[in-house]
Structure formats: structure tokens, C-alpha cells
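Enquirer: here is the input, now give the coordinates:
(2 chains)
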Amino acid sequence: MAHYLLSVVTPADGEMPSDEEMQTIMGNVAELQADMQEAGVWVFSGGLEAPDTATVLRRSGDDVLVTDGPFVELKEYVGGLTIIDAPDLDAALHWGRRSTEAVGLPIEVRPFHWAP
Amino acid sequence: MTPAPSSAAITRIVTEEYGRCVATLTRVLGDIDLAEDAVQDALTVALTRWPDEGVPPNPGGWIVTTARRRAIDRLRRDAVGRDKEARAAREEPEQDEPEEGGPVHDDRLRMIFTCCHPALALPARVALTLRLLGGLETPEIARAFLVPEATMAQRIVRAKNKIRAARIPYRVPHDADLPDRVPGVLAVVYLVFTEGHATATRDDLAAEAIRLGRLLAELMPDEPEVLGLLALMLLTEARRPARRAADGSRVLLADQDRARWDAGLVAEGLDLVRRCLRRDAPGPYQLQAAINAVHASAPDTASTDWAQIVALHDQLLALAPSPTVALNRAVALAETAGPAAALTIVEQLAERLDRYHLLHAVRADLLARLGRGEEARDALDAALARTEDPDDRALLTARRDASGRAG
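Expert: A predicted model of the protein is given here:
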């Protein structure tokens, strides 16, 4: 089995879903997570706060600089993520497809180079 | 063992067996690069031994067995390769691999579904298929697709790396997934076929594409586009015996001796086209097959049903618009509406197809038919400047010389 990161590609200038839409999405996500757990592929899921809540740490000589905000301004950011443990890319793409259906946003499927 | 084969004969065997052997070794070793390296090692051994010892009766099986042993040696020297070594050793047979049948028979189908995986971009799929199944060298593929060699090499390395890193599976998809996966495979098979057809030295690629086409038709007999593609390839291949003159030069469709067309392939192709028509679910391959069926049914150019060919091109343009289809339609239109009407359309395509030598060749023909000899010669020069294929150049040069004498 190999680990894959499924990230939710969120447009930076997109509108936030309404409370009602958000409720539907959360319901879909919970159902999908239950299916992933039942299939034995689920490792971790979470939704992220907006990029403007981020803090960046960067080495500068012997010091570490602290900066407010995201590393770079992007048109898209990772809005949430799921880590799965799947036998191959076809299996990972199956769960990626389910994920994009559940949240209504594009999903990037990317293999881990290494994982503990 | 057969005695003292020529080096040309050995080169031909090596090219023919390359894809088959890499596909089998990929199943055995679980890694494309390892498989390629192992086959390369075995071929090096073959090239030193076969000239003296003769070619073994089953060269493909010999290469696979030798490559497997070389791979095991290589992996033993490399601690990371332990489990792959175990895998290769476990699957080691008592004797050379059989020619066909069983898992070996499916290896190239596995390989093509891996090479044509939707997670790979189309140019990468084509490049991988030609490299791994066709055995073409990277520079040849680069030339065929008009990109720099370094770009093509990088494309292939990147695609193989993605297959490994993302674990694109090495298997034939389940029945339920086939409809999604088939169009990508058909596109690649057809590109392999046209590559084999365009280049005189790559006839084996056309045969390879037809073999894959037959295999796909066997696997998916209810998919009309699969049958359409096979029909298209068979009807095109049927003309092969007439495509070369005695001196080896290429003969265009209009000038071919139709008695030399392969009647068996024509009959098989026409039968497939009829089966497709009954399903009434036209697609791009079926329409192109139907166009070729019209040619195949005509005793000569003059009695060809050109109106039908124009109508089929109209359908094709509606389904899959492309400037090259529009160019082919213009060629047919010249027969029904005259060269002036066709030239108007060709001029509209000139900018988009400027790099395509056939645009200029067609334009030259239409100009000549309209009595505009000097412009026709200029167009032939433009065509010559855009192709390095010796057959193309021979035909174009002959036409230019003839027009020079006439003018």
C-alpha cells in the first residue's frame, strides 16, 4: 500500500458556500470518510482555515524569521486534505473522484515520496 | 540455431522483440526502467553471440530469459533490489518464455493500458507507447512529433517516473472501467499505426498497431469505435502492396494499381464497417473507416463516389473538427466542386497548417489544375522545405521537375 494526499483545490477568489451548502458538504464528507474507513484506506482528513491565518517561518543565517500570512499569494490554495493508504493510483483516483463529488471542488491526487 | 545471420537480420529481430520483451520483464520485475535495462543488457549479449552462434529458435524467449538472469545479477549487487530480486527469481521459468499465450500474451495489453493511463498527458502516452511497445528510439519519436530530442527524452523520463512514483497499475482494467479507458488507448494505437504507415522503415509498427487493434476488438467486441479503428487500419493496410513502385518509391492513392490491394484485408475491413453501420453510433474512427471503404469499393479514382466522401468528411468535421480533416475534405471537394472551390478552403487553412507539408502539396496540385504553374512550383518548394521524409521529397521533387518542363 502507498500513501496519497488528496488536497481540495480551493480558488482564492471563490465565494464561500452558504451555511446550508456547507452543511450538505460536511454531510457528504462525513459519509465519504465513513466509506474510506470501512474500505480500510483512510488515514487522516481535515479542513484548513483560510491562508491569511498562516504564519511562515524561514531560516535566515542563524536566525529564524517569522512572517505573517501565506508563503506566496496564489490563485488557489489547499482548503482541506485527506490522506489515504491505497494499493495503486487507480484506487487513489477512485477516492479522489468520490471526494470531488462530495465537496464540489477539484481534488489533486499526489503520491507521498515517503511516509512512516 | 540457424547459422550466421546478417547484422540487418539481427537488428530486425531486436526491434521486433523489444516491446514484447520489455512488457514481459516489466510484469516480472515490477519496474519499467529495470525491464528496459535488463532487455538492453540481453540485447548486448545477443549482438555479440548471435553473429557467430546463430539466432536461437525463439529469440524473444531467449532475450526474456537472458534479461531476467541479468536483472537478478544486477539486483543482487544492489541492496535496495532485494524484494524485486525475490520477485524475479520466483517467476523464473525452467526454460525460455513461450512465444505467446497466457500471461505473456496479455503483457503488451497491460503495457498499453499503463502507457495510455488517463493520469498521463496524451503526448506522454504516445511517446511511452512508441518507446516501450514500438521499440522506437527517443530521437526517432522526437522527429516524428517535431519536438527537440531533449524535450522528448524529458517527457519519457517524467512519464516513467510518474508511473513508478504514483503507482500507475500494470494491468488490464476491469470491464466496468473499460469505456472510460478505451478512447485514450485508441488514439495512441492509431498514432502508432500512422507512424508505421508514414515511414517506410517502420512497417512493423503498422503491423503492431493492427495486432493491438485486433486484440482490443477481441476484448471489446461491443465497442463500435474499437471496430471502427481496426477497420480503418485494415483498409489502409490493404493498400500497402500498391503503395510502392518497383523501384521502391511511394505511389499515391490515385495512381495505385488497385488489383494489388490485399483483397482479404479489404473484405475484412468492409465487413467491419458494415457491422459498425448496423450499430448506428458513428464516431471518428468509424467515419474514417467508412471514407476508406468508399475508396476500397471503387475500381478506380474516376468512379470513386466523391460526393459520399465529402459527406462523410462533413460528418467527421461535425464530430471532431480539425484543420487536417478540413484539408482532406477540400481534396475530395476538388472532385465534386472543382479545384477553385477547393483552393478557397485550402487558403483559409494555410495559416493554421503552415508547417504541414501536405497543405502546400495540395495547394500546389489545385494551383496546377487551375493553370497557375508558377505559384504551383512555389507551393511545391514550400512543401519540400517542410518535410525531411525521403518518400515525400521524392514525390514532390518529381512533381516540381515535371511542372518545370511543362512551364
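Enquirer: strands paired with the helix or strand hosting residue A:82, and their directions?
Expert: In this assignment (DSSP states H and E), residue A:82 forms part of strand A:76-86. Strand pairing for strand A:76-86, using DSSP bridges, gives strand A:2-11 (antiparallel), strand A:42-47 (antiparallel).
Enquirer: just name the most buried of those.
Expert: Of all the strands paired with strand A:76-86, strand A:2-11 has the most neighbours on average by mean count of other Cβ atoms under 10 Å in any protein chain shown, namely a mean of 20. Where C-beta positions appear, they are placed from N, C-alpha and C, glycine not excepted.
Enquirer: immediately after that one, which helix or strand?
Expert: Downstream of strand A:2-11, the first helix or strand assigned by DSSP H and E is helix A:19-39.
Enquirer: run the angle between that next one and strand A:42-47 for me.
Expert: Orientation of helix A:19-39 against strand A:42-47 (axes from the mean of the first three to the mean of the last three Cα atoms, to 10 degrees) gives an angle of 170 degrees.
Enquirer: tell me what helix A:19-39 is packed against?
Expert: Helix A:19-39 sits against strand A:42-47, strand A:76-86, helix A:89-103, with contacts defined as 3 or more Cβ pairs under 8 Å, 6 or more residues apart in numbering or on different chains; DSSP states H and E.
Enquirer: residue in the stretch 1-150 of chain B with the shortest distance to chain A?
Expert: residue B:119 (6.0 Å; Cβ to the nearest Cβ).
Enquirer: quick check on whichever residue of the stretch 251-400 of chain B sits closest to chain A: phi, psi?
Expert: Scanning the stretch 251-400 of chain B for the residue nearest chain A gives residue B:283, at 24.6 Å (criterion: Cβ to the nearest Cβ). Residue B:283 adopts backbone torsions of phi -140, psi 170, taken as degrees, to the nearest 10.
Enquirer: look at the residue nearest to it when sequence neighbours are not counted and say how many residues are nearby.
Expert: Using Cβ to Cβ, 6 or more residues apart in numbering or on different chains and skipping the chain neighbours, the partner closest in space to residue B:283 is residue B:225 (4.3 Å). Close neighbours of residue B:225, defined as other Cβ atoms under 10 Å in any protein chain shown, add up to 20.
Enquirer: per the record, what domains does chain B have?
Expert: Listed by automatic domain parsing, the domain ranges of chain B are B:1-93, B:105-220, B:324-407.
Enquirer: report pLDDT for residue 114.
Expert: No chain specified, so I'll use chain A. The score at residue A:114 is 86. That number is its pLDDT.
Enquirer: was after chain B, sorry
Expert: pLDDT, residue B:114: 94.
Enquirer: my read: it touches residue B:166, true?
Expert: No. Contact criterion Cβ atoms under 8 Å: residue B:114 and residue B:166 do not qualify, at 11.4 Å.
Enquirer: who wins for proximity to residue A:77 among the domains of chain B?
Expert: In terms of Cβ to Cβ, the element of the domains of chain B nearest to residue A:77 is domain B:105-220, at 22.5 Å.
Enquirer: now the residue most central in space within chain A: how far from chain B?
Expert: Centroid-nearest residue in chain A, with Cα atoms, centre = their mean: residue A:81, separated by 1.9 Å. Relative to chain B, residue A:81 is positioned 17 Å away (criterion: Cβ to the nearest Cβ, to the nearest Å).
Enquirer: who are the neighbours in contact with the nearest residue to that residue once chain neighbours are set aside?
Expert: Closest residue in space to residue A:81, ignoring its immediate chain neighbours: residue A:7 at 4.8 Å, by Cβ to Cβ, 6+ apart. Taking Cβ atoms under 8 Å, 6 or more residues apart in numbering or on different chains as the criterion, residue A:7 is in contact with A:78-81, A:107-108, A:110.
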